[in-house]
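> Based on what follows, work out the 3D shape:
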Amino acid sequence: MRNRGRLLLILGPLILLLGGGGAAYFFVFNKRPAKAAPPAETCELTLADLTVNLADRERPHYLSASVSLVLKGVSPETVVGERESGVRDAVIMVMTQHRYADLLSAEGKETLKRDIALAVEEALSEDRLAVEEVLFTNFLMD
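Okay, here's the model as predicted:
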């Protein structure tokens, strides 16, 4: 009987310790994966017939362009309808900051695309929309 009592005194706390450790491991390290965000949708917003004066001071130049923006986020089509005026304004403001000579090269046009993407993302920041791509569907300078 004494051996059995000693065995219970040793094994009892050991079993409680292992059980508690297992429970702690389960609750601390066995976390469920976070809920996945809803899948992002894309939509295309076409801004046609944007004509602006360029930033040249020595001789006036203009840029006439049509821009398509591929927007990505949750329900972008709903947001775009509400924010189109702000997006157009952001694109026009960016276009007027560039110079004729800079936009003659492919690198200059790519810089303009990056600047447009940044300005549009800022205009749509509270709606959490991202610009996936900026496409020129018409580009005429003089």
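> how many neighbours does E84 have?
For E84, the neighbour count with other Cβ atoms under 10 Å is 12. (C-beta placed from N, C-alpha, C; glycine too.)
> And A106, by the same measure?
8.
> same thing with H98?
Count around H98 with other Cβ under 10 Å applied: 21.
> Ok, E82 next?
Neighbours of E82 (other Cβ under 10 Å): 9.
> how close does it get to D127?
9 Å (Cβ to Cβ, to the nearest Å).
> cool, and A101?
Distance from A101 to D127, by Cβ to Cβ: 36 Å.
> Looking at the two now, which is surrounded by more residues?
Neighbours of A101 and D127, each counted by other Cβ under 10 Å, are more numerous for D127; the result is 16 against 11.
> what's that one in contact with, if anything?
G73, V79, R83 (Cβ atoms under 8 Å, 6 or more residues apart in numbering).
> now swap in A48 and tell me
S66, T137, N138.
> picking up where we left off before, in strands, which of the contacts of D127 fall?
G73 (DSSP state E).
> Compile the contacts of D127 into JSON lines and extend it with columns for neighbour count.
Converted to JSON lines, these look like this (neighbours: other Cβ atoms under 10 Å):
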{"residue": "G73", "neighbour count": "19"}
{"residue": "V79", "neighbour count": "20"}
{"residue": "R83", "neighbour count": "20"}
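> Hmm, which of the contacts of D127 is lowest in pLDDT?
Ranked by pLDDT, the contacts of D127 bottom out at V79 (77).
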